[in-house]
Structures are given as structure tokens and as C-alpha cells.
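Novice: task: produce atomic coordinates for the following.
(one chain, ligands or ions: 1)
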Amino acid sequence: MPRPMFSKVLVANRGEIAVRVIRALDELGIASVAVYSEADRDAQHVKRAGEAYLLGPGPATESYLNVDKLMEVIETSGAEAVHPGYGFLAENAAFARRLEEADITFIGPPASAIDAMGSKTKARELMQEAGVPIVPGTTDAVETVEAAGKIAEDIGYPIAVKAAGGGGGKGFRVALEPDKLKDAFEGAAREGEKFFSDATVYLERYLPDPRHVEVQVLADKQGTVVHLGERDCSIQRRHQKLIEESPAPLVDEELRRRIGKIAIDAAKAVGYHGAGTIEGLLQDGEYFFLEMNTRVQVEHCVTEATTGVDIVREQILIAAGEPLSFAQEDVRLHGHAIECRINAEDASKNFAPAPGTVAHYREPSGPGVRVDSGVIAGTEITPLYDPMVAKLIVWDADRERATRRMRRALDEYEIEGVKTLIPFHKAIMASEQWAKAETCRDLIEDKSWLKELAFEKVEAGGDDEVPIEERSYTVEVSGKRFEVVVHGEAIAAAVVPAGANGAARPAARRERKSGGAGGGGDTLASPLQGNVFKVLVEEGADVEEGALICIIEAMKMENEITAHKAGKVSGLTVKEGGSVTTGDTIAVITSASE
Ligand code: MV4
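Specialist: Here you go, the predicted model:
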């Protein structure tokens, strides 16, 4: 194999995916450059990279989304290419163009393909022209509720109203009957405006019980496109995938060939290169295109397990101009892989984000087990970013054995200090619905079933003191990061002790109140930091325990804050559009008897 043209690549991301990309770069003999925010000074991706640069303050807009600062670091470091991971700038066509202008390679598709697939109406139109089946509905934006009403009569109810700028379920509303259409239309438009600054919507027939089945493709710059089979991602909550598997339980050889061809046609229609995913709905053996994700996805690992293809390595080689080293007939699927997303969330409390400090941490291992993670003991999980802290992927000969292996690995997984979805995954893996390959939709929505998920130890603890004879420190010189080992007495404050060598920062040892909304007594305190999206009660209102008080946006999720007890609401401090930090009083709730 000729050597790839890159000698240094910058990874414009954080967390597990940044670590994943750095591993691929290491194996290719390419130097890696990490970037980080002030909140990520101790993060794993920073330690794993060849060199690292500070971008700015914690909030993503000031760090991981700060394109000007990134361009500066690219120049300073001498990186020749950028891997964007997923999220942040991964599907930002303007960023891809900016790199192109600076003669830096974007490890991803052409900006034109990002644009084409970014507008869901444009994508539907292009796919229809290419002979790719789309969910029946409109390919043009629908301007008014009145126009929607007429079109809906033709499509037939129920109707899905979706935001054109959307994707991943944002701005998705369902109207079961004609008199619900106005609400659905306005709701989808409002969400489109809020998240994508685009209020245009389109209509689809709403499929009542589909499976989410997506096909992984790889395309080189020479025009060869192959698919790596499919993944079933039907276990989702509020459009966040929780569990993925490959192959999909309901897909046989014939269907696989059919949807594989659809995916390849879709990629070719937009002149795609790199790794991409065609998402679709499978209902009664019929497959419909939903959208294309023009990036590497969180769940790419299950496909790596069943095909043996290193998708991130292929992305890098393709970007460097290498032709694919294998053809479609070389792709063979072996066995079954399952991925559980390990999110810092409390499933028993409506999947509330559970930021905090990881006190004790031990990953499962052994045959057929892979963990892609961005945390170690001492890592602080901040509410600033996505709640997914790790992924547990298992492989075995078939679905039943993979399920047993997943249950064994979940049992081995030790995380203390923060709540995670591990108890939820254990319960799903043990359920009859999962065994029957059902979508488990009723379990995920069943509040009493979720409430029963008992949590194990969550208190921080452990002794992570280290002797002071030798300590490593991290220093930033003009924003570039260096690890310095100091022998003798610890030096004073101006430097941040690195998490390496076990020298945890004081914050890592602070005990946290465990999880959920609380604060003791009458006070309802915010369990997280975020922006107040909606307030649903007024001062003086009488509420039941569990009543919805307000919705706080954090970790890219809308989090429902509910009354911790029944009583009268006073001292309501939250306002729509305002912000709260962890521990802030939201309201005081006084019981009638007090
Ligand atoms: C749909 C649908 C039914 N009909 N579109 C969109 C984004 C992705 N997260 C799921 N989406 C859906 N789009 C039409 N016309 C149902 C879903 C859906 C879903 C589909 C399969 C399995 C699980 C799902 C969970 C929520 C929504």
C-alpha cells in the first residue's frame, strides 16, 4: 500500500469519537492534533493525541464550533487534514468549504453533498429523481396550514409534519386526524425555526409501526461505492438512539441486497465520497428513504464488528485519495453485534441528564467486547456537552449469544459517582420484547417500568491521593499544551495537575448529591445547568407530586423538571429564556399540611 499523503491530522471533536479517530491515526502512522475547551483540560482525547491546543471556554460556540480559532490552530500545528467526528462541525458545509479554500482536506464528503442532504426537501426530490423510494408525501415545502390540509387529504391520515431543515427527529410532529393538522404544522415549523432557523415544513404519510433501518456506505474519490450492510436502530427515545444492532433482525439476504442497492444509488446521486449512512424506515418488507447522514455515526462500531472493516481508517484513506481496497463481493457479514450507549442519564427520572464526577470506573473486557469511551475515574461529566460518555459493543455468533454477552459485559461494567443507562440496558436485554426482536417502544415509554430500575452505588468515594515525589502537570504555553513532570515538592496553583498519574483535581473528590431534582425539604433545586425552555406553572399554583414544573434544555435535550412533592408553588424563580445552574432554586413547594 502506498503511504497516505497525510503526515498530520487535526481532530475537531472531543470525547469517545475523538479518541476513536486518534487510534485510527496512530495505526496509520499519522500524527494527531487534538483541540479542547477549558472544560476538557483533563479529557482523554487530549492525553491521547500527539499535541493539543486550547480553543476557548467550555460552551461549544466558543470552542468546538469556533471556526476562526480552529483555522488558527490548523495553521499553527501544520495539520493537512481535519477529521470532524460526529456532531459539532461534521455536517457543516460552510466549514468544509472554508477548509477547501485554505487547501486543507476535510475528512468527509464534498460540501455539495452535505448541502444536498442537509435540506430534507431537496434530498427527497433528488432521491425521487434517482429512483430511490421515499416515504409518500411532498418534496416541496408546504407554505400554509390550508395548503397542508388539501395535500393531506391526498396522502391520507395519519400525517407526519417534518421541518425541512430538520433531521434526527427534530421538528417532527404527527397529526392523527384533520383537526390535529394545524397544531402539528405549527409545532414543526416552530421547532424548525428554533433549531435550524428555517420554519419550512413538508408532509409525509405517517407509518404506524416501522423499524429504523440504516445502511452504511463507503465511497472513494474514484467513484466506487460499496455498502457494509445495515443496522437496526429502532430502540430510541425522543429520537435519541439508545441501542443499535447489526444485522437487522428483520432483514434477509434478498432485502439486504435491495436496500444496499438503494443506499448505493442514493450516495451516487449526490456525488458522495467518504463514509455515509442512508437512514430509512422498514415497514412490512417495504423500505423508504428518510435522510442521509453525511458523517461517521455513533453506531458505526456494530458494522465494524460484523464486517471487519475499520470505517474510520477507510474515511482517512479515502480522503487521502486512496481507492477502496475491496469490492462489494469482498464484504461478508459475520455473526451479530449490539451496541448500548452508556449515557450519563437517569432512566428512572425521565432520562434526566446526570452530570457529575466519575468516582470509580472499570470497563468490561474479555471475548467479543469493545468499549469506546472518553472517560476514566476522576473525569467530570459536564452538562455542556452530549451525555453519551461511552459505548459498549459486543459481538458473538448470533443475536441470542450476543445478547447473553451484552448482559455479561453490562454486569462487569463498574461506574460510580454518576448515574448511567446501564440499569436500563440490563432491563431491556433481559426483556421478552428484546428477545422477540420487537422495538420495545412500550417499555421505553412505561414510566412505572422505568421507575423500577434500581440503581447501584452512586456515591463518590475512593482514595486517589498520590505521593508528591513525582507529579505530572499540564501547562499551556501560548495555548499549546505540554505535559511536564516535576520531581520534589508540588508546585503551586497556577498550573493544573493532570489527571494522569492519578493526581486528580480537587473537584474530582468533591462529593455530589446523587442525581435528580432535589435540594431537600420544600426547595425544588435544578439538577442541571441549562436554559429554561418553558415554565408550566404559575406562582401560587397547587401541584401534585410529579407535576411538570418547567423544561430545561441541556446536553442537547429538553429535560422535564417535575415537582418532588405535592403542594403550593411559591418563590418561582425560573423564567422562559433564562438560564439556571446546578443547585439553583427553581421553586419552593409547600405541603398543604405545613
Ligand atoms: C417517521 C416515522 C413514521 N412515519 N416518519 C424520524 C427520525 C428518526 N429518529 C425516526 N423518525 C421517524 N420518522 C414517518 N413518515 C417514525 C419515526 C420514528 C421511529 C421509526 C422507527 C423506529 C423508531 C422510531 C422512533 C421514533 C420515531
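Novice: switch to C-alpha atoms for all contacts and neighbour counts from now on
Specialist: Noted.
Novice: get me the contact residues on this protein for the ligand.
Specialist: The chain comes close to the ligand at residues 160, 168-169, 204-207, 210-212, 234, 236, 239, as judged by Cα under 6 Å from any ligand atom.
Novice: pull out the buried members of these.
Specialist: 160, 204-207, 210-212, 234, 236 (16 or more other Cα atoms under 10 Å).
Novice: picking that back up, pLDDT-wise, what's the bottom of the residues of the chain next to the ligand?
Specialist: In terms of pLDDT, G168 ranks lowest among the residues of the chain next to the ligand, with 79.
Novice: dump the residue contacts of it.
Specialist: G168 sits next to 239-240 when contact means Cα atoms under 8 Å, 6 or more residues apart in numbering.
Novice: now R124
Specialist: Contacts of R124 (Cα under 8 Å, 6+ apart): 134, 139, 291.
Novice: which stretches in the stretch 401-550 of the chain count as strands?
Specialist: 414-416, 470-477, 480-487, 496-497, 523-525, 530-535, 542-543, 548-554 (DSSP state E, counting those that start in this stretch).
Novice: any chance of those in JSON lines, plus mean neighbour count and mean pLDDT?
Specialist: Formatted as JSON lines, the strands of the stretch 401-550 of the chain follow (neighbours: other Cα atoms under 10 Å; pLDDT from 0 to 100):
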{"stretch": "strand 414-416", "mean neighbour count": "18", "mean pLDDT": "95"}
{"stretch": "strand 470-477", "mean neighbour count": "17", "mean pLDDT": "83"}
{"stretch": "strand 480-487", "mean neighbour count": "14", "mean pLDDT": "86"}
{"stretch": "strand 496-497", "mean neighbour count": "21", "mean pLDDT": "39"}
{"stretch": "strand 523-525", "mean neighbour count": "23", "mean pLDDT": "90"}
{"stretch": "strand 530-535", "mean neighbour count": "19", "mean pLDDT": "90"}
{"stretch": "strand 542-543", "mean neighbour count": "19", "mean pLDDT": "94"}
{"stretch": "strand 548-554", "mean neighbour count": "21", "mean pLDDT": "89"}
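Novice: got JSON lines for the ones you listed, with distance to A94 too?
Specialist: Formatted as JSON lines, these follow (distance: least, Cα to Cα, whole Å):
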{"stretch": "strand 414-416", "distance to A94": "39"}
{"stretch": "strand 470-477", "distance to A94": "30"}
{"stretch": "strand 480-487", "distance to A94": "26"}
{"stretch": "strand 496-497", "distance to A94": "35"}
{"stretch": "strand 523-525", "distance to A94": "40"}
{"stretch": "strand 530-535", "distance to A94": "27"}
{"stretch": "strand 542-543", "distance to A94": "48"}
{"stretch": "strand 548-554", "distance to A94": "26"}
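Novice: then stretch 15-29 to PDB, C-alphas only?
Specialist: C-alpha atoms of stretch 15-29 as PDB (Å, rounded to 0.1, in the frame of the first residue of the first chain):
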ATOM      1  CA  GLY A  15     -15.000  12.500  23.900                       C
ATOM      2  CA  GLU A  16     -15.100   9.000  22.700                       C
ATOM      3  CA  ILE A  17     -15.200   9.800  19.000                       C
ATOM      4  CA  ALA A  18     -12.000  12.000  19.200                       C
ATOM      5  CA  VAL A  19     -10.200   9.100  20.900                       C
ATOM      6  CA  ARG A  20     -11.500   6.700  18.200                       C
ATOM      7  CA  VAL A  21     -10.100   8.800  15.400                       C
ATOM      8  CA  ILE A  22      -6.800   9.300  17.200                       C
ATOM      9  CA  ARG A  23      -6.500   5.500  17.500                       C
ATOM     10  CA  ALA A  24      -7.000   5.100  13.700                       C
ATOM     11  CA  LEU A  25      -4.400   7.900  13.000                       C
ATOM     12  CA  ASP A  26      -1.900   6.100  15.300                       C
ATOM     13  CA  GLU A  27      -2.400   2.900  13.400                       C
ATOM     14  CA  LEU A  28      -1.800   4.600  10.100                       C
ATOM     15  CA  GLY A  29       1.300   6.300  11.400                       C
END
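Novice: can you give me the mean pLDDT across that stretch?
Specialist: If you average the pLDDT over stretch 15-29, you get 98.
Novice: R98: what secondary structure?
Specialist: Following DSSP: H, G, I helix; E, B strand; the rest coil, R98 is assigned to helix.
Novice: okay, it: pLDDT?
Specialist: Here, the pLDDT recorded for R98 equals 98.
Novice: tell me where the stretch 251-400 of the chain has strands.
Specialist: 274-283, 286-293, 336-343, 345-346, 352-353, 356-357, 360-362, 369-373, 380-381, 388-396.
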